[in-house]
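Undergrad: Predicted model, plus sequence, below.
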Amino acid sequence: MAPGNRSAPWDGKGGRHCPSYVTGWSPERAAWVERIYYAGAAENLWGPYTIGFLEWDGQKWVDQPEPAFVADEEWEHGSVYEPNLLYHDGKWKMWYVAGSNHEDYLVHGYAESDDGRTGWSKHVVFAAPEMKMFDFCVRRRADRFDAVFARVWMGNGEAPPETGLWWCRAKQPSGLLSDWGQPVQIMTADDRGWHAGPWKPTFQFESDTSRRGFVFFDGACRTGDPGPFPFVFTLGCAEVDLPSE
């Protein structure tokens, strides 16, 4: 989609992953812009990660010479990734993961910015490490906001029952998890052969007034390959009727 000439110094060793498409207002360009935010790494595939974006200039996606968002709090352990963004009420709002899968330490953060590039608010903890929230994807439906998120399990042994996909809803796209009401589990981590423990959900409704939603998610299944990647990634879709409240 885009060359990596300008962004290579900060994303060239870790690839571009965890994409999040968003449209918002750019004060610099005095125009509405389309962006795809993603995580990249300057050192190697395993991080540490920073978050940046590609921006559509009317003809092509343009990479940026530096990341738009970096870890600056001790609790982030120097790495931020899995961005999910929404532009609302004059703010670029971002929910993201901090920490490390390797360390089995995942904490969900939140921050917002006027231009989505600079001047980010203080990074705050959205969901504590114990919750193991991996994604928080937000969509507007009528006059409310829905979110679908994953809870993952990186430890040994069988995944606990709370692992899987969850849904919640709020009046406003808040940076406080408590404002999103009581979450409802919509998928477990039961092993279906081609996936177990879904993550990275994104979703769309049939219409603004419909309860029928299509939730797309990542999965993985193990292979007999003894190499460093003894698994393959898969994609799935669940058709669900989400509650109105």
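TA: Alright, I've got the coordinates.
Undergrad: check contacts around residue 116.
TA: Counting by Cβ atoms under 8 Å, 6 or more residues apart in numbering, residue 116 makes contact with 22, 24, 26, 35, 53, 68, 85, 87, 92. In this view, the C-beta of every residue, glycine as well, is placed from N, C-alpha and C.
Undergrad: what helix or strand does the nearest residue to residue 77 once chain neighbours are set aside sit in?
TA: Nearest residue to residue 77, sequence neighbours excluded (Cβ to Cβ, 6 or more residues apart in numbering): residue 99, at 4.9 Å. Here residue 99, judged by DSSP states H and E, is contained in strand 91-100.
Undergrad: In CSV: the contacts of residue 116, plus distance to residue 213, pLDDT and neighbour count.
TA: Output for the contacts of residue 116, formatted as CSV (distance: Cβ to Cβ, whole Å; pLDDT from 0 to 100; neighbours: other Cβ atoms under 10 Å):
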residue, distance to residue 213, pLDDT, neighbour count
22, 19, 97, 19
24, 23, 98, 20
26, 30, 97, 16
35, 24, 98, 25
53, 26, 98, 28
68, 29, 98, 20
85, 19, 98, 26
87, 21, 98, 18
92, 24, 98, 26
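Undergrad: can you count the residues close to the residue nearest to residue 77?
TA: 24 (other Cβ atoms under 10 Å).
Undergrad: quick one: it from residue 108, how far?
TA: Note on residue 99: its distance to residue 108, by Cβ to Cβ, to the nearest Å, is 9 Å.
Undergrad: Next, show the common contact partners of these two.
TA: When Cβ under 8 Å, 6+ apart defines a contact, no residue borders residue 99 and residue 108 alike.
Undergrad: list the contacts for residue 93?
TA: Taking Cβ under 8 Å, 6+ apart, we find residue 93 in contact with 85-87, 110, 112, 138, 173, 175.
Undergrad: The same query, at a cut-off of 7 Å, please.
TA: Contact analysis of residue 93 by Cβ atoms under 7 Å, 6 or more residues apart in numbering lists 85-86, 112, 173.
Undergrad: now the end-to-end length of stretch 206-214.
TA: Start-to-end span of stretch 206-214 (Cα to Cα, to the nearest Å) is 8 Å.
Undergrad: do stretch 10-24 as well
TA: End-to-end span of stretch 10-24 (Cα to Cα): 24 Å.
Undergrad: Next: stretch 133-151.
TA: Stretch 133-151 has an end-to-end distance of 5 Å (criterion: Cα to Cα).
Undergrad: about what we covered before: now, which of the contacts of residue 116 sits nearest residue 131?
TA: Among these, residue 85 lies closest to residue 131 (Cβ to Cβ), at 20.5 Å.
Undergrad: so what does the one helix or strand the closest one maps to touch, helix or strand wise?
TA: Assigned by DSSP H and E, residue 85 belongs to strand 80-88. Secondary-structure packing of strand 80-88 (3 or more Cβ pairs under 7 Å, 6 or more residues apart in numbering; DSSP states H and E): strand 17-26, strand 31-41, strand 49-56, strand 91-100, strand 133-141.
Undergrad: so which of these comes closest to residue 2?
TA: Nearest to residue 2 among the helices and strands packed on strand 80-88 is strand 49-56 (5.0 Å), distances taken as Cβ to Cβ.
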